[in-house]
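Asks: only geometry, no sequence info:
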């Protein structure tokens, strides 16, 4: 369910749409989540990638309590998340590190961090996740749609697609609602 003022894909397709997507997520919050769970209570949201482009823009528009999670926080993610968090927006991604210099860093910051986040969400019974993926899962073409075949050619696209699959399987088996 989306505010009548917004339309479009649920997957973020690039930086030009970040402000609109942040507003769309906010409207989904007040339309869907508050009707369901949050009447009379301010939503508590955890945001990974809070210092990134999307994270900074989202924080300027959020009308809820935002717990910010950045790259330096991943080792202590379980201590940052706590009971009472209503939703996690997972927007963290490492696009700056080189796989040639440090494959472990790429895997840790793009895949292991997601696994840690999912396990902490299950532990603290956080009911909802929004994952910010990328059109890179479709390959080199900018002309893609969500019904297109995924054929990533970059490390970013491969990591995003693997995260989508991990999130989908884990959330389904753990009873966590999710959007990609």
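Replies: Yep, it's here. These figures come from a predicted structure and were not determined experimentally. Numbering: from 1, shown residues only.
Asks: any idea how far the helix ranked longest in the chain is from the chain center?
Replies: In terms of residue count, the longest helix belonging to the chain (DSSP state H) is helix 155-174. Once both centres are worked out by C-alpha atoms, centre = their mean, to the nearest Å, helix 155-174 turns out to sit 11 Å from its chain's centre.
Asks: So for the helix or strand that that helix is followed by, mean pLDDT?
Replies: From helix 155-174 onward toward the C-terminus, using DSSP states H and E, the following helix or strand is strand 177-179. Strand 177-179 carries an average pLDDT of 96.
Asks: Quick one: list the elements packing against strand 177-179.
Replies: strand 128-131, helix 155-174 (3 or more C-beta pairs under 8 Å, 6 or more residues apart in numbering; DSSP states H and E). All C-beta spots, glycine's among them, are computed from the backbone N, C-alpha and C.
Asks: now the ones you listed as TSV including mean pLDDT?
Replies: Written out in TSV, the entries for these read as follows (pLDDT from 0 to 100):
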stretch	mean pLDDT
strand 128-131	96
helix 155-174	95
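Asks: ok so, going back, which of the residues in the longest helix of the chain are buried?
Replies: Within helix 155-174, the residues scored as buried using 16 or more other C-beta atoms under 10 Å are 155-164, 167, 170-171.
Asks: Can you read off the backbone torsions of residue 102?
Replies: Dihedral pair for residue 102: phi -150, psi 80, per degrees, to the nearest 10.
Asks: Can you give me the neighbour number for it?
Replies: 13 (other C-beta atoms under 10 Å).
Asks: where's it relative to residue 160, distance?
Replies: Plainly put, residue 102 is 19 Å away from residue 160 if you go by C-beta to C-beta, to the nearest Å.
Asks: Much appreciated, bye for now.
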